[in-house]
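**Student:** give me a model of this one.
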Amino acid sequence: MKGLRLRSRRRKSRVSPRTSLTLRVALVLAACLAAYHYSLTTLASAFSIDSPLAYVGLVPLIAGGLVLIKAINQGSEPDIHDRHVDYIVGLPLLAAALAIVIFLPLQQSTFFWLWRIDLLSPPFFVAGAVALVFGARALWRVRLPVLFLFLMWPLPYSIFLNTFTDRVTSFTTSVVSSLLGFIPVAQPVSGADGVFAITHDGATFQVSVASACSGINGLVGFLLIGAASVLVVRGPMILKAVWLAAGLVLIWAINVARILLLFAVGQLWGEGAAIDGVHPVAGLVAFNLGVVAMILLLPRFRLRVARPEVRRSMAGSSTVSLSGQLAVSRAALACALVLVAGALAGIANGQMDRYQLLAQDFGTPRLTDLSLSNAQVAGWSLGQVDTYPWVRQYFGPDASWTRYEYDWQAASPNASTFKSDQPVLMDVISTSNLTAFSTYGLEDCYRFHNYTVLDARSVDLGGGVVGQALAYHNPLTQTDWLAVYWQWPVLGGGGDRYERVVINMLNPDPSQLSAPPLSTNAATSAGLSLEGWLWGANSGGLGDAMTRARDFLIGFSQQVVAAAASQGQ
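**Tutor:** Residues are numbered from 1 along each chain as shown. Okay, here's the model as predicted:
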């Protein structure tokens, strides 16, 4: 009898399914926010900029709303009640999320942030956490909102905008110019595309319809909101596509009306009323009016919002409800795994602020082409010594190869902690064709010339730059070379370019070198060591003398990276 009473008391003290569900939701949400706190902060910062990418920051919020809708509106789902399946699905997804934020930054270096690969990790993390904590059935139910999270990745938007922004801007300005023949509130300025002259009380001022004002912002925003709406409305897929296309046309047409209204306000009340009064709010109001109008027009397209309802599962048993029994009754181990994964991802994500030295939040490079003006190292003179035009046959018609030489200035008042009686060479290869660097790799070139690679390893150069340190021997001339090289994106005159920078020394004499201890990021160094252990990234071995010379060159390369970063702010 006592045993029965004890078990009965234990049952009564157990947490209710609703409370357990609430706690699990809060835990998963907290783990996701902790794991990607820095990445999400950069998305939120985009709200204040006048760019189509500003709407990307809405994706996590929209996905959260979709998860809530899908969780309440239970549809048909697989009748899975096996925890082994939950772990088989969830653990690889969590592992993939961690691999993206821990190992890929070491592999991709600055290109990791240029392409914002960190934003590909959250969907995997969320999917793995849901599968472990709530079960594979719950993951199947919210699969579309989880997939929607991939829309946070800004690279596809950037490719789309680079292709179509100018076209949309030209089309919008041509339509506005045509309408001004019927609504004479402004005049196109001849010889200046997209510029219009407005006259108020005899004074004329000009307004430019730039890409941000052409309607491209609203089109991207409606694509995101429209795609989310399509997931929660019911009706034929073809009608959903027609509704989405009609919404894009309406958003663009309202933007054209907004431009004409801005011109009219300027003509009637002057430049201040148009630019300072109407312009800051008109775009947001016009966009919201278009979205509300398209939602109200859903019935016209035979589409309707799905009402919350509970269906039967594929096997006929009732699915999980908010007040019913949970499909996963015990999830302590799963919650612990999610918290540990969230902590590891959060530590790695917190390290990504180092990329701010070299690139902006959405991957735009801060650096310009490396040259005499932005690669100076204190206490060293820098001069150009040669160029190699034949590089174009390998790296493209716009490629260049410039060689510079650093020389230590012993009498310089701006003394350096890096001292050498030997010169340090810097080769800068620049091209717009990034794939050429993969085709003609530096190590492959050395091996092609029968050089013996004595040691090769990845090294931390600061600012999120991961370089390669090489030591090799030329058997033909019986000489040893040390080289540290890296690749990064820069802002060139004709758009984004890419540089391979090689810092090297011939037959270095360690007795003639002096440098402070290497300064490295602890997390990056630990990751590089783990990578070297797992994949054999660190190879070979050097004696103490060559190791000191290699560390000198690594530290000197860090100085070059820091100099370029300071000029790129």
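
**Student:** and the residue nearest the centre of the chain, how far is that from Gly283?
**Tutor:** Nearest residue to the geometric centre of the chain (Cα atoms, centre = their mean): Arg116, 1.7 Å. Per Cβ to Cβ, to the nearest Å, Arg116 is found 25 Å from Gly283. For glycine as for every other residue, the C-beta is placed from the backbone atoms N, C-alpha and C.

**Student:** Glu271 too?
**Tutor:** 18 Å.

**Student:** quick one: which of these two has more around it?
**Tutor:** Gly283 (21 against 16; other Cβ atoms under 10 Å).

**Student:** what's the helix or strand that contains that one packed up against?
**Tutor:** For Gly283, the host element (DSSP states H and E) is helix 279-296. Counting contacts by 3 or more Cβ pairs under 8 Å, 6 or more residues apart in numbering; DSSP states H and E, helix 279-296 is packed against helix 216-232, helix 237-269.

**Student:** those helices: which one's closest to Ala359?
**Tutor:** helix 216-232 (21.2 Å; Cβ to Cβ).

**Student:** that older thread, wait, the residue nearest to the centre of the chain sits on Phe150?
**Tutor:** No. Using Cβ atoms under 8 Å, Arg116 is not in contact with Phe150; the gap is 12.0 Å.

**Student:** follow-up on the earlier one: immediately after the helix holding Gly283, which helix or strand?
**Tutor:** strand 304-305.

**Student:** next, the buried residues of the helix or strand that Leu106 is a member of.
**Tutor:** Assessed by DSSP H and E, Leu106 sits inside helix 104-108. Under the neighbour-count criterion of 16 or more other Cβ atoms under 10 Å, helix 104-108 has Leu104, Pro105, Leu106, Gln108 buried.

**Student:** so how far is that helix from its chain's centroid?
**Tutor:** Counting by Cα atoms, centre = their mean, to the nearest Å, helix 104-108 is centred 13 Å from the centre of its parent chain.

**Student:** could you do stretch 115-132 as well?
**Tutor:** 13 Å.

**Student:** swap in stretch 335-351?
**Tutor:** The chain centre lies 19 Å from the centre of stretch 335-351; the measure is Cα atoms, centre = their mean.

**Student:** what are the phi and psi angles of Ser432?
**Tutor:** phi -90, psi -10 (degrees, to the nearest 10).

**Student:** ok, it to Val490 distance?
**Tutor:** Using Cβ to Cβ, which is the criterion applied here, Ser432 is 11 Å from Val490.

**Student:** Asp353 too?
**Tutor:** Taking Cβ to Cβ, one finds Asp353 at 21 Å from Val490.

**Student:** those two: who's more crowded?
**Tutor:** Legend: neighbour count by other Cβ under 10 Å for Asp353 and Val490, higher for Val490 (21 against 12).

**Student:** which SS class is the closest residue to Val459 other than its chain neighbours?
**Tutor:** Leaving aside its chain neighbours, Val459 sits nearest to Ala469 (4.7 Å; criterion: Cβ to Cβ, 6 or more residues apart in numbering). Three-state assignment for Ala469 (DSSP: H, G, I helix; E, B strand; the rest coil): strand.

**Student:** tell me how many other residues surround Ala469.
**Tutor:** Ala469 has 22 neighbours, counted by other Cβ under 10 Å.

**Student:** who touches it in this structure?
**Tutor:** Asp455, Ala456, Arg457, Ser458, Val459, Leu482, Ala483, Val484, Arg550, Leu553, Ile554 (Cβ atoms under 8 Å, 6 or more residues apart in numbering).
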